[in-house]
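A.B. asks: Predicted model and sequence follow; I will ask about them next.
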Amino acid sequence: MCKTLGASPGRAAVARHVRRTGRSLIAAAAVLLAAQTVFAQDDLIARARAASSSGRSAEAFAMLEERLAESPRDVDVRLTYGLLLSWEQRYDEARVQLQRVLAQAPRYQDAQVALMNVEYWSGRRAEASDLSMEILATDPGNPQARLIRQRLDASSKRPWQVTTWYTSDTFNDGDPWHEFAASLGRETPFGTVLLRGTEARRFGYGDQLIEVEAYPSFRAGTYAFIGVGAGTRNTLFPSYRTAFDLYQNVGHGLEVSGGYRRLQFADPVSIYVATATQYVGQWSVIGRVYYVPSDPSDSWSFHGESRRHLGGDGKSFIGLSVSQGFSRDEPRTAGDAATLHSNTVKGQADVAVSPRTRVLVTLSSSRQERTLRAPLWQTTLSLGAAYRF
């Protein structure tokens, strides 16, 4: 009996298995080759940086130039080449290399930051300003761009800023509260310094608070907030107020801080604060915790906020926040520092409407539990404007 010629089912299965195995081996070989290439590239970059740091710049440049002659489209090696040139203050040559990187990879942020630094160091302030705004438009938390932006503002023709605002607190029972404030700030090469005056009217009383605040920058990603103030009548504001925060960018868009507040009333209030801010693209998420040690029991206040940043100044945003405890982010008066069983929802906007003018709007609603009484509802509206000159 004649059988049809051809591969048996067993042989066909074996052939398919062999083909699959061959494809898997080829894929594995490709992955291994790519990994070896990446490792070799990383090793080259590390060796070049080490050589440059130890004073052997010519050797570092020779290694990078040899690789670029073989692989002219290697943006990581070319970026390193541009960085090392900038460290040698060969700014014109560094600019050419970094521009070639961005021509090939326009959104390569490390190259944008490196080129921004080159333009700033070489005195091309307009180009550095444009690049800082380009970076901050997509990454408002970038520490190097924020530092350069601050230094550019300090050396600009308009380093001063005057800000005024009015706040009204209304309740479902009781008289409204009013607050007026004005500040004068100056950008300096070391950070912002400002003088603020605030007048509050509550419960038939009036009081004023005079404060001096500073935001010194120590390096890119490390800065502080320092504030001292004194009340004039000690009816609503403390006789003196001190504040301190230290901020540190820890990488991957995360910034953390810790600080302390002291409000000197008849019974002084100490407040400890910790904050974490995560930047993701044009968004930031902020978590803040206040701790108030007191007798007979300690108290906590929690705040969470989401912001959508706008424009390229690194400051404009619209945001929504929720909190439990303090109804205000920064307690200053006796009522602000009282840790009540309250929940607050707040929307706010801080938006540049022209190169010189900003508009500030805040609207919040708080619900406070009261013993043997209906809950108290508080609505707060703040309107303000800032002008640079």
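C.D. replies: Looks like it arrived, so ask away. Numbering: from 1, shown residues only.

A.B. asks: mind listing what residue 233 touches?
C.D. replies: 205, 206, 207, 208 (Cβ atoms under 8 Å, 6 or more residues apart in numbering). Any C-beta I mention is one placed from the backbone N, CA and C, and that applies to glycine too.

A.B. asks: Strand partners (parallel or antiparallel) of the helix or strand where residue 245 lies?
C.D. replies: According to DSSP states H and E, residue 245 maps onto strand 241-251. Sheet pairing for strand 241-251, assigned by DSSP bridges, gives strand 222-231 (antiparallel), strand 254-263 (antiparallel).

A.B. asks: For my notes, please list the ones you listed in JSON lines and give mean neighbour count, mean pLDDT and distance to residue 388 for each entry.
C.D. replies: Below are the strands paired with strand 241-251 laid out as JSON lines (neighbours: other Cβ atoms under 10 Å; pLDDT from 0 to 100; distance: least, Cβ to Cβ, whole Å):
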{"stretch": "strand 222-231", "mean neighbour count": "18", "mean pLDDT": "98", "distance to residue 388": "20"}
{"stretch": "strand 254-263", "mean neighbour count": "17", "mean pLDDT": "97", "distance to residue 388": "25"}
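
A.B. asks: which residue ranges form the strands in this protein?
C.D. replies: Secondary structure of the chain (DSSP state E): strands at 160-171, 177-188, 191-202, 205-219, 222-231, 241-251, 254-263, 269-280, 283-292, 299-309, 317-324, 342-352, 357-370, 373-388.

A.B. asks: Residue 47 is nearest to which of these?
C.D. replies: strand 241-251 (23.6 Å; Cβ to Cβ).

A.B. asks: Any buried residues in the closest one, and which?
C.D. replies: The neighbour-count check on strand 241-251 (16 or more other Cβ atoms under 10 Å) flags 241, 243, 245, 247, 248, 249 as buried.

A.B. asks: any idea which of those is closest to residue 377?
C.D. replies: Proximity of the buried residues of strand 241-251 to residue 377 (Cβ to Cβ) peaks at residue 241, which lies at 28.0 Å.

A.B. asks: excluding its backbone neighbours, what's nearest that closest one?
C.D. replies: The shortest distance from residue 241 to any non-neighbouring residue, by Cβ to Cβ, 6 or more residues apart in numbering, is to residue 229 (4.4 Å).

A.B. asks: Kindly report the same for residue 86.
C.D. replies: residue 94 (4.0 Å).

A.B. asks: correct me, but that neighbour touches residue 116?
C.D. replies: No: using Cβ atoms under 8 Å, residue 94 is not in contact with residue 116, being 11.8 Å away.

A.B. asks: correct me, but residue 255 touches residue 277?
C.D. replies: Yes: between residue 255 and residue 277 a contact is recorded at 4.5 Å, counting by Cβ under 8 Å.

A.B. asks: list residues touching both of the two?
C.D. replies: Counting by Cβ under 8 Å, 6+ apart, the residues touching both residue 255 and residue 277 are residue 141.

A.B. asks: ok so, going back, wait, isn't the residue nearest to residue 241 in contact with residue 239?
C.D. replies: No: the criterion here is Cβ under 8 Å, and residue 229 misses it with residue 239 at 10.0 Å.

A.B. asks: residues making contact with stretch 188-205?
C.D. replies: Stretch 188-205 is contacted by residues 150-151, 154-155, 159, 161, 175, 177-186, 206-217, 223, 229, 233, 235-237, 332-333, 335 when judged by Cβ under 8 Å, 6+ apart.

A.B. asks: one more time with 6 Å
C.D. replies: The contact list for stretch 188-205, computed with Cβ atoms under 6 Å, 6 or more residues apart in numbering, reads 151, 154, 177-186, 207-217, 235-236, 333.

A.B. asks: Equivalent analysis for stretch 242-249, please.
C.D. replies: Surrounding stretch 242-249, the residues in contact under the criterion Cβ under 6 Å, 6+ apart are 143, 221-228, 255-257, 259-262.
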